[in-house]
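# pasting the sequence and the predicted model now:
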Amino acid sequence: MSDQKPLPDSRRRFFLKASGATLSAGASASAAAATVAESSSRVFDLRTEALPLVRFGLIGVGQRGGFLCKSLTAIEGCRITAIADPDAAVLQRAAAYVEKAGQPKPVLYGGGERDYLKLLERKDVDAVIIATPWEWHVRMSVDAMNAGKHAFVEVPAATDIEGCWELVQTAERTRRHCMMLENVCYGREELMLLNMVRAGLFGELLHGEAAYIHDLRWQIKELERSTGSWRTLWHTRKNGNLYPTHGLGPIAQYFGINRGDRFLYLNSQSSPARSFAAYSQREFPPEHPRNKLQYINGDLNTSLIKCASGRTIMLQHDTATPRPYTRHNFVLGTNGAFGGFPARIALEYLDGKKRMSADGKHEAFHEWEHDMAPWQKRFDHPLWKKLEALALKNGGHGGMDFIMLWRIVYCLRHGLPLDQDVYDAAAWSAIFPLSCASVADRGNAKDVPDFTRGGWQSAKPWPVVDIQL
């Protein structure tokens, strides 16, 4: 589906009514704020009715959605009651996961791309998980919330600024949760680092670095099915950071973005686009359709985000070059730094005492410490400590997927606010279109809309939550 296709009718009506014109990707925060009705109410720390049993409907159960389906069957207190996917094979596979777990077979909807609307009509669906191609995320999330369901949508939640605003407006109007499934926020290292930051270990935070560097050229070979059959095409449509949230989400939580701070503007530049075309030419004959495509997304995109506090974030995207995986996960403060891949730490003071090298000849922060065991013992997050065995048993990117889903179910069952809200989904996803707009404009700065409309100034940073098992 081309991203140049006109907005669906419902989205077009919303924006014409709100502002009389569709916003561009680089619209200012003040202009964007005018698109949201003055009467709308913020959904910070939204609490909804407690659900003793959380009944899920799944929309999209291919590679990612199928894994999420299987993972949910291992979590107490939830059921999968309905599944929608136009692909009969993956639909039946997902149903088999549910039945193998000893649960009733879910009702299946496979009658076409819009058969998911029938799933949303069901009274036995409280929340939906959306794991479909990106261009469907906003439409399906909005439809779910309008039907009274909580929406949990894969990353990115939206691919344009209009979609980000529509998610915010709909969540506020319906009072339903809209959470982007940013699983990396639940990784052991990221949870530990959040705990360290909240403990003030690094002093005042100054700078962060985030990335999604992951060689995905092989997805070009997925022609008819699986992620590469549609994701590859985005590299022929846009030039920017197409997938910003895996690295950025945790940094945003460390910095308290939307909760005491916010993204202000960004500048972005891309390298030449070479590696996808070169890979395609090696792997396919000259006349193959993949070799007819024009890959325009730069192999490496680098964006610099300025925050209202003055802090900076360097964010990178590269799914095209042959090098090791990394998300950077780097924070720098007045008392030291932490970096990921591999994990390492350097601090000047700890517990009020200056740290020195083992031989006492120089300050400890001049060398990285790579042994994380002592730091994990002291700073592992309560969620990880209590769920480690279950997380490792059920897998999913080192256990982060299981902890994310478990935490969602826990919050819904207890009527608690979620760890990520619709403002996070909008702000983190907005980097995609804004980076593209900046690249197209010689790297000039593009304002990041304030999706909270000033609410970030009084909202409190998310705490290091504990749980009762």
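Perfect, I can see it now.

# quick check, S357 in contact with A346.
No: applying CB atoms under 8 Å, one finds S357 not in contact with A346, separated by 11.5 Å. C-beta: built from backbone N, CA, C; applies to glycine.

# return every residue with contacts to both of these two.
Common contact partners of S357 and A346 (CB atoms under 8 Å, 6 or more residues apart in numbering): 364, 366-367.

# between S357 and A346, who's got more neighbours?
Taking neighbours as other CB atoms under 10 Å, S357 and A346 compare with A346 leading, 19 against 12.

# which one is the more buried one nearest to, not counting chain neighbours?
Of all residues not flanking A346 in the chain, F365 sits nearest, at 4.3 Å (CB to CB, 6 or more residues apart in numbering).

# need the contact list for that neighbour.
Counted by CB under 8 Å, 6+ apart, F365 has contacts 336, 346-348, 355.

# next one: L387
So L387 contacts 399, 402-403, 406 (CB under 8 Å, 6+ apart).

# of the residues you listed, which pair is most distant in space?
Set against one another by CB to CB, the contacts of L387 have their most distant pair in G399 and W406, with a gap of 9.9 Å.

# okay, the two: which has more neighbours?
More neighbours surround W406 than the other of G399 and W406, with 26 against 23 (other CB under 10 Å).

# mind listing what that one touches?
Counting by CB under 8 Å, 6+ apart, W406 touches 75, 387, 390-391.

# wait, doesn't M179 sit right on A425?
Yes: if you go by CB under 8 Å, M179 and A425 touch, sitting 6.7 Å apart.

# what's around the spatially closest residue to T334 that is not a sequence neighbour, how many residues?
Nearest non-adjacent residue to T334, counting by CB to CB, 6+ apart: G203, 3.5 Å away. For G203, the number of neighbouring residues by other CB under 10 Å comes to 14.

# now swap in K100 and tell me
Look at K100: counted by other CB under 10 Å, it has 10 neighbours.

# again, but for A74
15.

# and it, what does it touch?
Residues in contact with A74 (CB under 8 Å, 6+ apart) are 101, 390, 394, 402.

# how about N239?
Going by CB under 8 Å, 6+ apart, N239 touches 270, 273, 296-298, 301, 436, 439-440.

# can you give me the strands for the stretch 51-200 of the chain?
Secondary structure of the stretch 51-200 of the chain (DSSP state E, counting those that start in this stretch): strands at 54-59, 78-84, 107-109, 127-130, 150-153, 178-180.

# which helix or strand contains S435?
helix 422-440 (DSSP states H and E).

# could you find the closest non-adjacent residue to the residue nearest the centre of the chain?
Centroid-nearest residue in the chain, with CA atoms, centre = their mean: E182, separated by 3.4 Å. Using CB to CB, 6+ apart and skipping residues adjacent in sequence, the residue nearest E182 is G249, 4.0 Å away.

# what's near enough to touch that neighbour?
By CB under 8 Å, 6+ apart, the contact set of G249 is 182, 184-185, 420, 424, 428.

# ok, residues contacting stretch 99-108?
Against stretch 99-108 from outside (CB under 8 Å, 6+ apart): 58, 73-74, 79-84, 91-92, 94-95, 98, 119, 122.

# wait, isn't I257 in contact with P250?
No: applying CB under 8 Å as the test, I257 and P250 come out as separate, 10.7 Å apart.

# closest to V465 among the contacts of N239?
Proximity of the contacts of N239 to V465 (CB to CB) peaks at N301, which lies at 33.2 Å.

# OK, contacts around the closest one?
Taking CB under 8 Å, 6+ apart, we find N301 in contact with 239-242, 268-271, 316-318, 435, 439.

# picking that back up, make TSV out of the contacts of W406 and add distance to Q219 and secondary structure.
Listed next are those as TSV, based on distance: CB to CB, whole Å; DSSP: H, G, I helix; E, B strand; the rest coil:
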residue	distance to Q219	secondary structure
I75	29	coil
L387	31	helix
L390	31	helix
A391	27	helix
